[in-house]
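Q: no letters, just coordinates:
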Ligand code: ZN
């Protein structure tokens, strides 16, 4: 057991694997349902307990997610595993409830222009939809999480006023949402913004669990996680092998990578319940499935203390 980096950091964190949704939705080639189920079951075997496993979006809009119900039905269900799904509208929520999702994630964008582009609605209209979502889910025992997209910056409007994030989060709280995710959809978060946003919401909604969803678009995804840890945040969303991306930054890195995040937590002495070696094996499996090199780094380099045989290595300087 190693020393903990900072006594202010949490002792344990929850990592929600979103790659099979946030990552795969960017993939044009359909990944077979049986493969998705295999990957999800392997992640459960590796100790992952929280998922955004698929999305009940229109099959025409996102064909990759058309098998959401079959994926949920195929996963080995366990009482200690939370299978969450994204649902963009009433129909999606109804389908998610039918498929016995444990958690439903509904979302809107913090900025008007991103919300128009993504959902074809004003923020006020989307907040009205949230009212319907809450009434559909209330009493079912299914958890409802509200995701605020572009919470740390909008590709069309730049910085989003904190008052706007606070107003949306307050509405979520009033509707009885179980948790709120702050989504860095296009990788615009910075440690300073993470701090100011979290502090603002904590002051307004001290009881509301907050999750952080970062993308590594500009290479500071895990730096933002460190800031989250310093603020005592215990919920992070990441994607296997770092798949995903940003539609406004073609070729950019995707979500923060689950193995890299677990590796960081291991080095900080923060428990995740996830076995890094087994997790890495699933990431390498995913790389075979997608047929290209994926952005994850620990899956290439291995953990820090993986020692190499002296004879087999070429010397390097620099
Ligand atoms: Zn994302």
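A: Arrived safely. All values derive from a computational prediction rather than experimental measurement.
Q: use CA for all of it now, contacts and neighbours both
A: Noted.
Q: list the buried residues of the helix-or-strand element of the chain with minimal mean pLDDT.
A: Across the helices and strands of the chain, mean confidence by mean pLDDT, DSSP states H and E is lowest for helix 112-119: a mean of 92. If you call a residue buried by 16 or more other C-alpha atoms under 10 Å, then helix 112-119 has these buried ones: 112, 113, 114, 115, 119.
Q: quickly find the element holding the spatially most central residue of the chain.
A: In the chain, the centroid-proximal residue (C-alpha atoms, centre = their mean) is residue 237; its distance is 3.1 Å. Assessed by DSSP states H and E, residue 237 sits inside strand 235-238.
Q: please list the residues outside that strand that contact it.
A: By C-alpha atoms under 8 Å, 6 or more residues apart in numbering, the residues outside strand 235-238 that reach it are 13-19, 210-214, 225, 255-258, 261.
Q: out of the residues you listed, which sit inside helices?
A: The helices, defined by DSSP state H, take in 225, 258, 261 from these.
Q: okay, strands next: where are they in the stretch 1-150 of the chain?
A: Listed in chain order, the strands of the stretch 1-150 of the chain (DSSP state E, counting those that start in this stretch) span 14-17, 50-55, 82-86, 103-109, 143-149.
Q: can you list those in JSON lines and add mean neighbour count?
A: Output for those, formatted as JSON lines (neighbours: other C-alpha atoms under 10 Å):
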{"stretch": "strand 14-17", "mean neighbour count": "23"}
{"stretch": "strand 50-55", "mean neighbour count": "26"}
{"stretch": "strand 82-86", "mean neighbour count": "25"}
{"stretch": "strand 103-109", "mean neighbour count": "25"}
{"stretch": "strand 143-149", "mean neighbour count": "24"}
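Q: for residue 294, find the nearest of these.
A: Of all the strands of the stretch 1-150 of the chain, strand 14-17 sits nearest to residue 294, with 16.0 Å by C-alpha to C-alpha.
Q: each with direction, which strands does that closest one pair with?
A: Within its sheet, strand 14-17 is paired with strand 50-55 (parallel), strand 235-238 (parallel), according to DSSP bridges.
Q: Throw these into a markdown table and include mean pLDDT, thanks.
A: Below are the strands paired with strand 14-17 laid out as a markdown table (pLDDT from 0 to 100):
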| stretch | mean pLDDT |
| --- | --- |
| strand 50-55 | 97 |
| strand 235-238 | 98 |
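Q: would you reformat those as CSV and include distance to residue 276?
A: As requested, the strands paired with strand 14-17 are exported to CSV (distance: least, C-alpha to C-alpha, whole Å):
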stretch, distance to residue 276
strand 50-55, 16
strand 235-238, 14
